[in-house]
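Enquirer: Okay, predicted coordinates and the sequence, questions at the end:
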Protein chains: 6
Amino acid sequence: MIRVTRRYRFSASHRLHAAGLGDAENRELYGKCNSPFGHGHNYEMEVSVRGPLEERSGRAVDPALLDGLVRREVLEAFEHRNLNEEIAAFRTTVPTTENLAREAVRRLKQNWSTVFPAGPRLEKVAIAETSRNAFEVSAHEIE
Amino acid sequence: MIRVTRRYRFSASHRLHAAGLGDAENRELYGKCNSPFGHGHNYEMEVSVRGPLEERSGRAVDPALLDGLVRREVLEAFEHRNLNEEIAAFRTTVPTTENLAREAVRRLKQNWSTVFPAGPRLEKVAIAETSRNAFEVSAHEIE
Amino acid sequence: MIRVTRRYRFSASHRLHAAGLGDAENRELYGKCNSPFGHGHNYEMEVSVRGPLEERSGRAVDPALLDGLVRREVLEAFEHRNLNEEIAAFRTTVPTTENLAREAVRRLKQNWSTVFPAGPRLEKVAIAETSRNAFEVSAHEIE
Amino acid sequence: MIRVTRRYRFSASHRLHAAGLGDAENRELYGKCNSPFGHGHNYEMEVSVRGPLEERSGRAVDPALLDGLVRREVLEAFEHRNLNEEIAAFRTTVPTTENLAREAVRRLKQNWSTVFPAGPRLEKVAIAETSRNAFEVSAHEIE
Amino acid sequence: MIRVTRRYRFSASHRLHAAGLGDAENRELYGKCNSPFGHGHNYEMEVSVRGPLEERSGRAVDPALLDGLVRREVLEAFEHRNLNEEIAAFRTTVPTTENLAREAVRRLKQNWSTVFPAGPRLEKVAIAETSRNAFEVSAHEIE
Amino acid sequence: MIRVTRRYRFSASHRLHAAGLGDAENRELYGKCNSPFGHGHNYEMEVSVRGPLEERSGRAVDPALLDGLVRREVLEAFEHRNLNEEIAAFRTTVPTTENLAREAVRRLKQNWSTVFPAGPRLEKVAIAETSRNAFEVSAHEIE
């Protein structure tokens, strides 16, 4: 078994503001991330898959298949978007990077078995919002 | 003479859309950066100053003075902001990183001589919008 | 469950010299790190916590609380210090980065439950002494 | 128990071409990596070991011993080499980075117990071919 | 005037061997870089242009035009190639990174005025062969 | 003419304390860098040389000669040292990174013409004390 990690980048904007909370509570909870006009980041996303090494090709995953899936399911949706306004999932859920990583796992799992019927399994997604933090979700925790 | 460069970071959102142009032309000119809801970046800004080494302190610039000036004039204005909506200069000017660097130089020059009456001169500001580009403005080019 | 990792930096000096060993043995064991006047590093420390995503805030940990705890317990003690001379734990223990990581875990666990009574658990601390190494301690291994 | 990771670099060239497949299939499988004259990379290899902290030295592994073993078994063989032509294992096996990581583990395990009779165990080897990917093999999976 | 720098990556292999010198002299001159089967690198290339800020677009260079030119003239030729065997210029010239940077400038200048008739001028190209070196050529030095 | 930059690393400790000033003034001037027991850094030093491309070798500088000179004159003196205590120049001069860069230039110029009688000239030395700053000295400014 081998773990293969591939790294992707996308830039997006968001505002942290929980719908169920008042303005003052939101400001206290999220600080400057609650700023009403939003702000943005260069996100760096690592997708890790795990699978046996296929002896014929010497690979555990076909990188073109993985890149295609990540591009279609995640990058095209998030790249250069306002996460709050343009991603359905974040109309009702706060677009923290925790939730962003969870949403990326959900999107990747949706068509995973079509692209990789016998292939490696998705292990985890980690997203860094800045160079000072990272948020990691294990795929098996997301239904 | 010594050149001292200090590096700062801020996260902000913007939309590239020139007021004087039509929608189609804006889309063609800026591509995905024209996306109507905006997007964002982790900007990395390098401020370079040049001055003689002061023998007593062994320094060409007092880093606390420079950091304070940069924080007051640039970071507090840009950090976690929507550049189009919250910075007066970008109401009428497109917030490209070229213009962002030019605006940073303008802001730093404004009170430079108060903070550094005899001190090093501001040489240039370089801002990277992503890890794949950088935009550099020489201070002497900005009045 | 989500793993959140936050990255911190501090600069410090140390000398590797084991009290129970003779000078020649120390020199052989630690090489140039045994140099009598000490040397120093820019340490990079990653603190990883693991916890359920709190649906209300969309977060697994409040970053301000974690940063505060790390600052009070670790950074204020280590930042710009001579580890051998100014940290009680390293009067008798060699300040290798292994021991530094262990000490950081101990310090973080001390008041962890006060700051995070119901919250995420501390999972591990990893400290890189240079860009060529890293030393990782799991929190559950330290009493 | 502490995990220590040390990072090494080497530059090498390779061509991805599976002996058991036809030219067209190879081109489809490996794309530009099948280019007949080969190409190359700056590989970055992380070797992770795990062991108890030895109280006397404050270390989990003697870095000089590990560096020596890695240099003799892996770096001297791979550094500035054409992997297909100059490494026996890659005469018959495709030199993908998956296989490269597997080969590195095999080479390190060979004389591990001579160098570290009581010492830390080899946990894993991760090799990045570019800054956008990494391939990780657990040592216990390789006989 | 603004300097805009854009960063590109390509992977290639090469062998340093001067046609006009004997084998022993080549070995002494280039050391392990003269290894007969070649080796390779992940090259990182920075292209810097300088021009006035165009007020209408807020840009000093259209990044899509520059990326297209760099891709057509340099990246498509060098990416995943054996520089000695597949680039005509390096049949007779040693593919050191100095020469690689010079060749990149030559290729960019060839159609520069077609793509940028009024636009920014090419200032310099810098290529890093590894993270420990860089080779920079000013465009005006190359006819 | 080509500029070649090579990057080196060393770890050292220092204390910023000007001999001609009182304790209170030193504390105010240098802040935590004045801490009496010293602290340390991983310094990153870039040495830039400029010279014509030698057509025979395709190089502007022989990297082995430059690395040897830098190692003998700078790295062996600074690596794993306490700059204040172990470098004669810093007995009387404050070991700020400005002065460190100036001292490196002085040391490199001393035997430059012996190693490079016809060869490239030393252009500048830049030293970063942390990832947030850099100090650059032009060689021609130092006698």
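Expert: Arrived safely, thanks for sending. If you're wondering where the values come from, they're calculated on a predicted model, not measured in any experiment.

Enquirer: Could you check how far the lowest-mean-pLDDT helix or strand in chain A is from the centre of its chain?
Expert: Lowest by mean pLDDT, DSSP states H and E among the helices and strands of chain A is helix A:89-92, with a mean of 94. For helix A:89-92, the distance from its own C-alpha centre to the chain's C-alpha centre is 14 Å (Cα atoms, centre = their mean, to the nearest Å).

Enquirer: cool, stretch A:128-142 as well?
Expert: 8 Å.

Enquirer: got the end-to-end distance for it?
Expert: In stretch A:128-142, first residue to last residue: 19 Å (Cα to Cα, to the nearest Å).

Enquirer: quick check, it touching chain C?
Expert: Yes - residues of stretch A:128-142 contacting chain C under Cβ under 8 Å from any Cβ of the partner chain: A:131-138, A:141. Just so you know, the C-beta spots here come from the backbone N, C-alpha and C atoms, and that holds for glycine as well.

Enquirer: quick one: is the helix or strand A:Glu85 falls within near chain C?
Expert: Element membership for A:Glu85, per DSSP states H and E: helix A:83-86. No - residues of helix A:83-86 contacting chain C under Cβ under 8 Å from any Cβ: none, with a closest distance of 11.6 Å.

Enquirer: Check which helices and strands that helix is in contact with.
Expert: strand A:2-14, helix A:89-92 (3 or more Cβ pairs under 8 Å, 6 or more residues apart in numbering or on different chains; DSSP states H and E).

Enquirer: Redo the ones you listed as TSV? Include mean neighbour count and distance to chain C.
Expert: TSV is the format used below for the helices and strands packed on helix A:83-86 (neighbours: other Cβ atoms under 10 Å in any protein chain shown; distance: least, Cβ to the nearest Cβ, whole Å):
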stretch	mean neighbour count	distance to chain C
strand A:2-14	22	11
helix A:89-92	14	9
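
Enquirer: could you dump these to CSV with distance to C:Arg27?
Expert: Listed next are the helices and strands packed on helix A:83-86 as CSV, based on distance: least, Cβ to Cβ, whole Å:
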stretch, distance to C:Arg27
strand A:2-14, 40
helix A:89-92, 59
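
Enquirer: Which one of those lies nearest to E:Lys109?
Expert: Closest to E:Lys109 of these, according to Cβ to Cβ: strand A:2-14, at 30.5 Å.

Enquirer: Chain F: which of the helices and strands packed on helix A:83-86 is closest?
Expert: Ranking the helices and strands packed on helix A:83-86 by their distance to chain F (criterion: Cβ to the nearest Cβ) puts strand A:2-14 first, at 19.6 Å.

Enquirer: Roughly how far does A:Glu54 sit from chain C?
Expert: According to Cβ to the nearest Cβ, to the nearest Å, A:Glu54 and chain C sit 29 Å apart.

Enquirer: per-residue confidence for the residue lying closest to that residue once chain neighbours are set aside?
Expert: Using Cβ to Cβ, 6 or more residues apart in numbering or on different chains and skipping the chain neighbours, the partner closest in space to A:Glu54 is A:Ala60 (7.0 Å). On pLDDT, A:Ala60 comes in at 97.

Enquirer: Now do the same contact list for A:Ala60.
Expert: A:1-4, A:49-54, A:120, D:98, D:135 (Cβ atoms under 8 Å, 6 or more residues apart in numbering or on different chains).

Enquirer: Most widely separated two among the residues you listed?
Expert: A:Arg3 and A:Glu54 (14.7 Å).
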